[in-house]
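K.L.:
Pasted the sequence and its predicted model underneath.
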Amino acid sequence: MLKRKDILGLSDLKKEELELILDTAESLREVSDRDIKKVPTLRGKTIINLFFEASTRTRTSFEIAGKRMSADVINISASSSSTVKGETLIDTARNLQAMSPDVVVVRHASSGAPHMIAEAIDASVINAGDGCHEHPSQGLLDLLTIRQAKGSIEGCRVAIIGDIEHSRVVRSNIYGLKTMGADLVVAGLPTMMPAGIEKMGVDVAYSIDAAIKGADVIMMLRIQKERLSNPLFPTEREYSIAFGLNSKRLELAKKDVVIMHPGPINRGVEIAPEVADGSHSLILDQVKNGVAVRMALLYLLAGLKQGDN
Ligand code: NCD
């Protein structure tokens, strides 16, 4: 059992909790391969997806995850919520709480927004990405994908490359991967590297070649253009030459290296099409695992309320 109301980040999740979520996701994965993709587990439960930022994979997979477990799922996006009429985030959350949801999934451009909502309401809150802070369900689906591909996360050398400073995906991955015993290196232009990142227990490289040598897993990140006030590099072409992963560079990596990317990918910028679509790529496995991990989170938070068993 997960003995917590909310999932706001991976920074405070213990190894046993991460393993419970991954094992639960593993057992729920086959529901998506069935002819009739539905189990009654969350019948009578209500899930609200409250998305104040763009999303394709995360929002859709939370919706599919809830529906495959028979929950009622309601989607609210920024443009259709009353925040455009001046309602505060907390008022919106309290009004939603008055309709008795079991789980509220929140994505917001401000770091800490899901935490504020979690304090204000009784329903469980899942952080689906807050600013540059955390994106725990993405971190979990990445852990599951690595565990499946490599058998175990412990001892794996994982290279994470790109806009480290503005990526919430990287922060959740660092916390989760470190807890599971992986060995990490992050690489990017100096303008993309947060000061003091090595205090998180990662090696730092300033060239992609140095980072990918000896890596078991290479995780590429998108440039978070929407969070930048000033460009971090002169042109996309130059960035791609300096930090893009192409098939030539891949020759430096281990023969059995796997390539990951949280999406959306910018083809030809951080990753060349032949690598994104190539035999080492697990990008679509990540998406498939995203449904299973979100089913597990919803089940562990809403399906097993204290007193239910
Ligand atoms: C990521 C996000 O929104 O943080 N996307 C996702 O959830 N799969 C990464 C990104 O936008 O680059």
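P.N.:
That came in fine, so what should we check first? Only a predicted model underlies this, so the values are computations on that prediction, with no experimental measurement involved.

K.L.:
hang on, isn't residue 250 packed against residue 275?
P.N.:
Yes: in this structure, residue 250 is within contact of residue 275 by Cβ atoms under 8 Å, at 6.1 Å. Heads up, the C-betas are built off the backbone N, CA and C, glycines and all.

K.L.:
Compare those two (neighbour count), which wins?
P.N.:
Neighbour totals were compared for residue 250 and residue 275, and residue 275 leads with 25 against 18 (other Cβ atoms under 10 Å).

K.L.:
Just the element for the more buried one, please.
P.N.:
helix 273-276 (DSSP states H and E).

K.L.:
quick one on the thing from earlier: list the residues that contact both of residue 250 and residue 275?
P.N.:
With Cβ atoms under 8 Å, 6 or more residues apart in numbering applied, the overlap between the contact sets of residue 250 and residue 275 consists of residue 259.

K.L.:
residues contacting residue 236?
P.N.:
If you count contacts by Cβ under 8 Å, 6+ apart, then residue 236 has 266, 269 around it.

K.L.:
so how far is the ligand from it?
P.N.:
Distance, residue 236 to the ligand, using Cβ to the nearest ligand atom, to the nearest Å: 15 Å.

K.L.:
Let's see the pLDDT reported for that residue.
P.N.:
Per-residue pLDDT puts residue 236 at 93.

K.L.:
and what of residue 306?
P.N.:
Taken from the predicted model, the pLDDT recorded for residue 306 is 44.

K.L.:
A strand includes residue 290, no?
P.N.:
No: counting by DSSP: H, G, I helix; E, B strand; the rest coil, one finds residue 290 to be helix, located in no strand.

K.L.:
Buried ones in stretch 69-79, by neighbour count?
P.N.:
For stretch 69-79, a neighbour-count test (16 or more other Cβ atoms under 10 Å) marks 69, 71, 73, 74, 76 as buried.

K.L.:
outside of it, which residues touch it?
P.N.:
Contact partners of stretch 69-79, identified using Cβ under 8 Å, 6+ apart, comprise 31, 38-43, 45-53, 59, 62-63, 66-67, 84, 96, 101-102, 295, 298-299, 302-303.

K.L.:
Now with 6 Å, please.
P.N.:
With Cβ atoms under 6 Å, 6 or more residues apart in numbering as the contact definition, stretch 69-79 has outside contacts at 39-43, 45-52, 63, 66-67, 295.

K.L.:
mind listing what's buried in stretch 120-133?
P.N.:
Counting neighbours by 16+ other Cβ under 10 Å, the buried set in stretch 120-133 is 121, 123, 124, 125, 126, 127, 128, 129, 130, 131, 132, 133.

K.L.:
Tell me the pLDDT of the spatially closest residue to the first one that is not a sequence neighbour.
P.N.:
Beyond its immediate neighbours in the sequence, the residue positioned closest to residue 121 (Cβ to Cβ, 6 or more residues apart in numbering) is residue 97, lying 4.0 Å away. According to the model's per-residue confidence, residue 97 sits at a pLDDT of 97.

K.L.:
Could you report the neighbour count for residue 97?
P.N.:
Neighbour count for residue 97, taken as other Cβ under 10 Å: 16.

K.L.:
Just the C-alpha atoms of stretch 6-26, please, in CSV.
P.N.:
These are the backbone C-alpha positions of stretch 6-26, laid out as CSV (Å, rounded to 0.1, in the frame of the first residue of the first chain):
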residue,chain,number,x,y,z
ASP,A,6,-0.6,12.7,-3.1
ILE,A,7,2.2,12.1,-5.6
LEU,A,8,3.9,15.4,-6.0
GLY,A,9,7.4,14.4,-6.8
LEU,A,10,9.9,11.6,-6.7
SER,A,11,12.3,13.4,-4.3
ASP,A,12,10.6,11.9,-1.2
LEU,A,13,9.6,8.5,-2.5
LYS,A,14,11.4,5.6,-0.9
LYS,A,15,12.8,2.6,-2.9
GLU,A,16,10.0,0.3,-1.7
GLU,A,17,7.4,2.8,-2.8
LEU,A,18,9.0,3.2,-6.2
GLU,A,19,9.1,-0.6,-6.5
LEU,A,20,5.5,-1.0,-5.5
ILE,A,21,4.4,1.5,-8.2
LEU,A,22,6.6,-0.2,-10.9
ASP,A,23,5.4,-3.7,-9.9
THR,A,24,1.8,-2.6,-9.9
ALA,A,25,2.3,-0.9,-13.4
GLU,A,26,3.9,-4.1,-14.7
